[in-house]
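*Asks:* make a model of this:
(one chain, ligands or ions: 2)
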Amino acid sequence: MTLAQLNERGLLLVGCGRMGGALLRGWLDRGLDPAAVRVMDPAAPGWLAERGIATQGALPEEPAVIVLAVKPQMMGAALPQVTDAARGGALVLSVAAGVTIAAYERAFPAAPVVRAMPNTPAAIGQAITAIVGNARADEADMALAETLMGAVGQVVRLTDEAQMDAVTALSGSGPAYVFHLIEALVAAGEAEGLPAPLALALARATVAGAGALAMQDGPDPAALREAVTSPGGTTAAGLAHLMDAGSGLVPLIGRTVAAAAARGRELGA
Ligand SMILES: NC(=O)C1=CN([C@@H]2O[C@H](COP(=O)(O)OP(=O)(O)OC[C@H]3O[C@@H](n4cnc5c(N)ncnc54)[C@H](OP(=O)(O)O)[C@@H]3O)[C@@H](O)[C@H]2O)C=CC1
Ligand SMILES: O=C(O)[C@@H]1CCC=N1
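*Replies:* Numbers count the residues shown, from 1 in each chain. Ligands and ions are numbered 1, 2, ... in the order given. Have a look, this model is predicted:
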């Protein structure tokens, strides 16, 4: 099913905050008709009315898709509100961290369910999203989920829902780690005497340029790192700290991702 075909049955979006809003903008840009969308959100952003998207009134009776984009902690309250809308065979597509397929199956016993984990580069069409479906989600459902999430970036399929907490901890939360790396580089640049605006410009462009280079086919990240590292030079001096086995980035990121994954498991318990 294409986004244009979705226009016939419609899409119900539950939660239109940072992630739901970014997804909706992507779908509208790709041809979803605003008239086919109903948003349910007590804090619906003003741009929805400007684009002619309904936020009040009856829910669509048989939407093709119900997208769940509320906080995991709000999911228990949100699901009963859309039980009737799921009766017409809608695909239930959730982007919430932690909440398991089993929880959606309890709320919608007959529904195909797909869990998806995007990230905030969705706002500029550069997300990476992992998806996994339940037993009722057939190839057409998975393809529809792929089309929807593909509107905001790349999509990968998982073989096992158990991978989802690790995915959430790596790529769902990952942009925050990278933004914090930029903050850390700025602070370190300032400590070395650079003015803050210059340090920010250097740090942002370095992370963006290195990211773009890492996305090219060709050398793996280790080889790219080695290409920067002249023997006895400045990078080697810096990496001696960053790659320290006890205090370097590997153990630090290991703890970071492990803590995020553990929180995902807690949210789903
Ligand atoms: N932000 C991110 O980087 C990512 C987020 N996610 C997932 O996306 C989901 C949404 O996160 P995010 O967009 O950041 O959160 P936001 O708080 O920005 O958006 C959630 C929206 O849902 C609204 N809401 C709360 N309760 C209900 C309800 N019962 N029915 C309808 N709408 C409701 C909230 O209103 P109010 O503010 O009034 O509560 C808010 O506008 C989460 O489950 C998160 O795990 C996934 C990947 C990345
Ligand atoms: O912090 C969170 O819980 C959500 C899920 C992944 C990114 N943000």
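*Asks:* taking this structure, what residue is nearest to ligand 1?
*Replies:* residue 17 (1.8 Å; C-beta to the nearest ligand atom). The C-beta positions use only the backbone N, C-alpha and C, and glycine is treated the same way.
*Asks:* that residue contacts residue 42, correct?
*Replies:* No - applying C-beta atoms under 8 Å as the test, residue 17 and residue 42 come out as separate, 10.8 Å apart.
*Asks:* ok, those two, which is more surrounded?
*Replies:* residue 17 (14 against 6; other C-beta atoms under 10 Å).
*Asks:* now the more buried one: phi and psi?
*Replies:* phi -90, psi -140 (degrees, to the nearest 10).
*Asks:* mind checking how far it is from residue 191?
*Replies:* Residue 17 sits 36 Å away from residue 191, going by C-beta to C-beta, to the nearest Å.
*Asks:* element containing residue 154, please.
*Replies:* strand 153-157 (DSSP states H and E).
*Asks:* for that strand, which positions count as buried?
*Replies:* Neighbour-count burial for strand 153-157, with 16 or more other C-beta atoms under 10 Å as criterion, is recorded at 153, 155.
*Asks:* and stretch 201-208, by the same measure?
*Replies:* residue 203.
*Asks:* if we look at that stretch, which residues are touching it?
*Replies:* By C-beta atoms under 8 Å, 6 or more residues apart in numbering, the surrounding residues in contact with stretch 201-208 are 178, 181-182, 185-186, 189, 194.
*Asks:* in TSV: the residues you listed, plus neighbour count, pLDDT and secondary structure.
*Replies:* Formatted as TSV, these follow (neighbours: other C-beta atoms under 10 Å; pLDDT from 0 to 100; DSSP: H, G, I helix; E, B strand; the rest coil):
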residue	neighbour count	pLDDT	secondary structure
178	13	98	helix
181	14	98	helix
182	17	98	helix
185	17	98	helix
186	20	98	helix
189	18	98	helix
194	16	98	coil
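*Asks:* so what's the residue in the stretch 101-250 of the chain that ligand 2 sits nearest to closest to, chain neighbours aside?
*Replies:* Residue of the stretch 101-250 of the chain nearest ligand 2, by C-beta to the nearest ligand atom: residue 172 (3.3 Å). Leaving aside its chain neighbours, residue 172 sits nearest to residue 117 (4.7 Å; criterion: C-beta to C-beta, 6 or more residues apart in numbering).
*Asks:* equivalent analysis for residue 132, please.
*Replies:* Nearest non-adjacent residue to residue 132 (C-beta to C-beta, 6+ apart): residue 158, at 4.2 Å.
*Asks:* the one you found reaches residue 165, doesn't it?
*Replies:* No - with contact defined as C-beta under 8 Å, residue 158 does not count as touching residue 165 (11.0 Å).
*Asks:* of these two, which one has the most company?
*Replies:* residue 165 (24 against 17).
*Asks:* check contacts around that one.
*Replies:* So residue 165 contacts 98, 261-262, 264-265, 268 (C-beta under 8 Å, 6+ apart).
*Asks:* by neighbours, which of the residues you listed wins?
*Replies:* Among the contacts of residue 165, the one with the most neighbours (other C-beta under 10 Å) is residue 264, at 23 neighbours.
*Asks:* for that residue, give me its contacts.
*Replies:* Taking C-beta under 8 Å, 6+ apart as the contact definition, residue 264 lies against 97-98, 164-165, 168-169.
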